[in-house]
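I'd like to go over a predicted model; first the sequence, then the structure.
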Amino acid sequence: MVEKYSIRTDLALEEKERFEEENVEVQGVVLEEEYDEEREIRTTTVKIKTENGAKTMGKPVGTYITMEAPNLAVPDEGYHREVSVKIAECVEKLLEGKWKKTGTNEDLSILMVGLGNREVTPDALGPHVADNLNITRHIVREYGKYAMGEDEVTLVSALVPGVMAQTGMETAEIVRGVVEETKPDVILVVDALAARNSKRLNRTIQIADTGISPGSGVGNHRNAITEDSIGIPVIAIGVPTVVDAATIVNDAMENLMKEMEHSEALKGVGVVLQGYHAAEKYELVRQLISPHLNGMFVTPKDIDDTVKRISFTISEGLNLLFSRNEERGEMTGQAHNHEEKGI
């Protein structure tokens with residue numbers, strides 16, 4: 001029954017929740033949860049281990065780490081620093097085993113790809129992260145790694161390929177060409193996502209080792225950027241910045257049903273609607289608003305400030321990850337000190 005209904009979301013966590021709502025157990029999919037009460041950060045890891053699980057979930061086999069931080073949209077520097085530290089930890093977990101080239105003494109080379117359209121604010125997350133990233137590849141190649149004051153360095157380069165309407169080229173084609181020329185070890189892709197639940201807008205970060213399909217969240221399916229298509233590991237970082245109109249109407253209908261429980265006249269209608277599964281209600285809403293609103297996506301009014309803030313938080317996490325271990329320890333300590341002082 002569930003397979004008939006498609007809920008538009010880029011978050012593996014929401015796909016898993018959809019099956020839990022239907023009381024359907026997905027074979028080959030493991031869910032692990034961790035909650036940091038002190039920082040109010042919930043980290044959920046969805047591991048899709050089999051092809052059967054991947055087919056059911058509609059996601060490739062791999063690991064999807066989802067960080068839910070309700071205060072991520074709030075301009076609190078101390079809190080965002082804590083989130084940056086957590087981002088560094090999660091990306092490092094997916095990078096394990098890739099820090100050094102096997103059998104060589106060369107340092108890890110990272111290509112960060114900022115996907116999206118800089119001219120469209122909800123889609124400008126990737127380019128903004130690239131703007132704030134500490135780029136080191138050219139310095140190391142020109143002056144050597146000791147110019148960075150370190151024995152071991154990570155060569156970081158960045159690319160903002162734009163969108164197909166601006167370049168006339170598939171993003172995957174541009175990335176593949178740069179990879180062939182510069183030969184990085186790992187690609188880090190940052191992109192804006194779409195969510196099913198409006199409560200997750202700008203409050204959730206997904207980190208996955210399966211790559212990404214640019215534009216898939218809003219129905220613009222482009223060539224995927226994955227290890228299979230590019231030839232090297234691809235780690236994707238994304239934040240949901242939009243939801244489609246059906247989600248907004250669906251949330252309103254959920255609130256209406258709750259109110260109906262207290263109304264004698266409308267109680268019968270509420271009972272009928274409550275008999276629908278979540279996916280069925282969502283599909284009903286899409287049919288009701290089609291075709292005029294079906295292609296509409298919604299984003300918060302303060303998206304300009306929010307995207308800049310979150311992009312800086314992500315770039316700080318990556319800068320922290322690729323810096324010296326001592327510096328990372330200092331950063332972690334500073335984050336704790338800020339929290340203790342209430343900054």
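Done, it's in. Numbering: from 1, shown residues only.

Okay, helices next: where are they in the stretch 51-200 of the chain?
With helices called from DSSP state H, counting those that start in this stretch, the stretch 51-200 of the chain shows them at 51-57, 77-95, 125-132, 137-143, 164-167, 171-182.

out of the ones you listed, deepest packed?
Compared across these, helix 125-132 shows the largest average neighbour count, a mean of 23 (mean count of other Cβ atoms under 10 Å). (Glycine included, C-beta is placed from N, CA and C.)

Can you list the neighbours in contact with that one?
Residues outside helix 125-132 that contact it (Cβ atoms under 8 Å, 6 or more residues apart in numbering): 112-116, 118, 158-160, 189-192, 237-239, 241, 307-308, 310-312, 314-316, 318-319.

and if you look at stretch 143-161?
So stretch 143-161 is contacted by 107-115, 118, 126-127, 130, 133-141, 167, 169, 171, 174-175, 178, 182, 184, 322, 324 (Cβ under 8 Å, 6+ apart).

Show the contacting residues for the closest residue in space to A165 that isn't next to it in sequence.
Excluding its sequence neighbours, the residue lying closest to A165 (Cβ to Cβ, 6 or more residues apart in numbering) is N117, at 8.0 Å. Neighbouring residues of N117 by Cβ under 8 Å, 6+ apart: D123, A124, G162, V163, A165, Q166.

one more time with 10 Å, if that's ok
By Cβ atoms under 10 Å, 6 or more residues apart in numbering, N117 lies in contact with D123, A124, G126, P127, G162, V163, M164, A165, Q166, A192, G215.

if I look at the second one, how far off is V234?
In this view, A124 and V234 are 21 Å apart by Cβ to Cβ, to the nearest Å.

same question, the fifth one
For G162, the distance to V234 under the criterion Cβ to Cβ works out to 19 Å.

out of these two, which sits in the busier spot?
For G162 versus V234, neighbours defined as other Cβ atoms under 10 Å are more numerous around V234 (25 against 19).

and that one, backbone torsions?
Note on V234: its backbone torsions stand at phi -130, psi 120 [degrees, to the nearest 10].

And the closest residue to it other than its chain neighbours, what's its pLDDT?
Spatially, and ignoring its direct neighbours in sequence, V234 is nearest to G211 (3.8 Å; Cβ to Cβ, 6+ apart). Note for G211: predicted pLDDT of 88.

contacting residues for G211?
Going by Cβ under 10 Å, 6+ apart, G211 touches 60, 62, 172, 187, 189, 224-230, 233-236.

Any of those buried? List them.
60, 62, 172, 187, 189, 224-227, 230, 233-236 (16 or more other Cβ atoms under 10 Å).

Using CSV, lay out the residues you listed together with pLDDT.
Shown next, in CSV, are those (pLDDT from 0 to 100):
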residue, pLDDT
P60, 87
G62, 89
A172, 91
I187, 95
V189, 95
A224, 86
I225, 92
T226, 91
E227, 91
I230, 93
P233, 93
V234, 94
I235, 95
A236, 94
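
farthest pair in those?
For the buried ones among the contacts of G211, the farthest-apart pair by Cβ to Cβ is G62 and A172; their separation is 17.9 Å.

ranges for the strands of the stretch 201-343 of the chain?
Along the stretch 201-343 of the chain, counting by DSSP state E, counting those that start in this stretch, strands occupy 204-208, 234-244, 297-298.

quick one: which of those strands is nearest V83?
Nearest of these (Cβ to Cβ): strand 204-208, 7.6 Å.

what helices or strands is the closest one leaning on?
Helices and strands touching strand 204-208, by 3 or more Cβ pairs under 10 Å, 6 or more residues apart in numbering; DSSP states H and E, are helix 12-21, strand 41-48, strand 62-68, helix 77-95, strand 186-194, strand 234-244, helix 303-321.

Sheet partners, orientation included, of the third one?
Strands that pair with strand 62-68, judged by DSSP bridges, come out as strand 41-48 (antiparallel), strand 204-208 (antiparallel).

Can you list the buried residues in the longest one?
For strand 41-48, the buried set under the neighbour-count rule, 16+ other Cβ under 10 Å, comprises I41, R42, T43, T44, T45, V46, K47, I48.

Report the contact partners of the residue nearest to the fourth one when sequence neighbours are not counted.
By the measure of Cβ to Cβ, 6+ apart, the closest residue to T44 outside its immediate chain neighbours is T66, 4.7 Å from it. By Cβ under 10 Å, 6+ apart, the residues touching T66 are 11-14, 16, 33, 42-46, 90, 200, 204-208, 238.

quick one on the thing from earlier: now the strands of the stretch 201-343 of the chain as CSV including distance to D251?
CSV is the format used below for the strands of the stretch 201-343 of the chain (distance: least, Cβ to Cβ, whole Å):
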stretch, distance to D251
strand 204-208, 16
strand 234-244, 9
strand 297-298, 11
